[in-house]
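> I would like to see how this sequence folds:
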Amino acid sequence: MSEFLLDERLRADSLPVCELDLCRVLLMNDNRWPWAILVPRIVNAEEIHLLDTNAQIRLLGETTRIADVMAAVTGCEKINIGALGNIVRQLHVHVIARNCGDENWPGPVWGYGTRRPYPSDKGKLLLNKIKRQLA
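Here you go, the predicted structure:
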């Protein structure tokens, strides 16, 4: 039987936050936007519509929970949620805190500019805020 493995690109571009019942939660290591990623720990999952109904409901619940946390932690004006999978095929859901006037507003974050990793202290601060909200 296969075991769940996180896609190498997701691992390289993110910081680990926590494990929920279904998903591994990551923080995109990009200082331009507070950006969480939920990855269902389901082997070979690529599409939401191909998950069984129970997994779909759990994924929606966990996505909503993380969206609430990101809004509370950042005070953002808008939450963007998306699951594209055109580059990383492993199923993952983006939850991005956006504000009018942020980099590339109102355009999408995907493929825009060059990722700017968090300075160590700022990344740790945001991770800790997210973890406290989830506790």
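> what's the spacing between stretch 4-13 and its chain's center?
The chain centroid and the centroid of stretch 4-13 are separated by 12 Å under Cα atoms, centre = their mean, to the nearest Å.
> err, stretch 67-80, not the other one
Computed by Cα atoms, centre = their mean, the separation of stretch 67-80 from the middle of its chain amounts to 12 Å.
> try stretch 48-62
16 Å.
> tell me the contacts of Arg65?
By Cβ atoms under 8 Å, 6 or more residues apart in numbering, Arg65 lies in contact with 20, 134. Using the backbone N, CA and C atoms, a C-beta is placed for each residue, glycine as well.
> ok, so what distance separates it from Cys100?
In this view, Arg65 and Cys100 are 25 Å apart by Cβ to Cβ, to the nearest Å.
> repeat for Phe4
Using Cβ to Cβ, Phe4 is found at 38 Å from Cys100.
> which of these two has more neighbours?
Neighbour count, other Cβ atoms under 10 Å: between Phe4 and Cys100, Phe4 has more, with 13 against 9.
> Which residue, neighbours along the chain excluded, lies closest to that one?
Arg41 (4.4 Å; Cβ to Cβ, 6 or more residues apart in numbering).
> for the chain, what's the longest helix?
helix 53-74 (DSSP state H).
> Ile48 is in contact with Gln56, correct?
Yes: assessed by Cβ atoms under 8 Å, Gln56 is found in contact with Ile48 at 6.3 Å.
> got a list of contacts for the lowest-mean-pLDDT helix or strand in the chain?
Least confident helix or strand of the chain, by mean pLDDT, DSSP states H and E, is helix 120-134 with a mean of 95. Residues outside helix 120-134 that contact it (Cβ under 8 Å, 6+ apart) are 15, 17-18, 25, 27, 29, 31, 34, 36, 65, 69-70, 72-73, 117-118.
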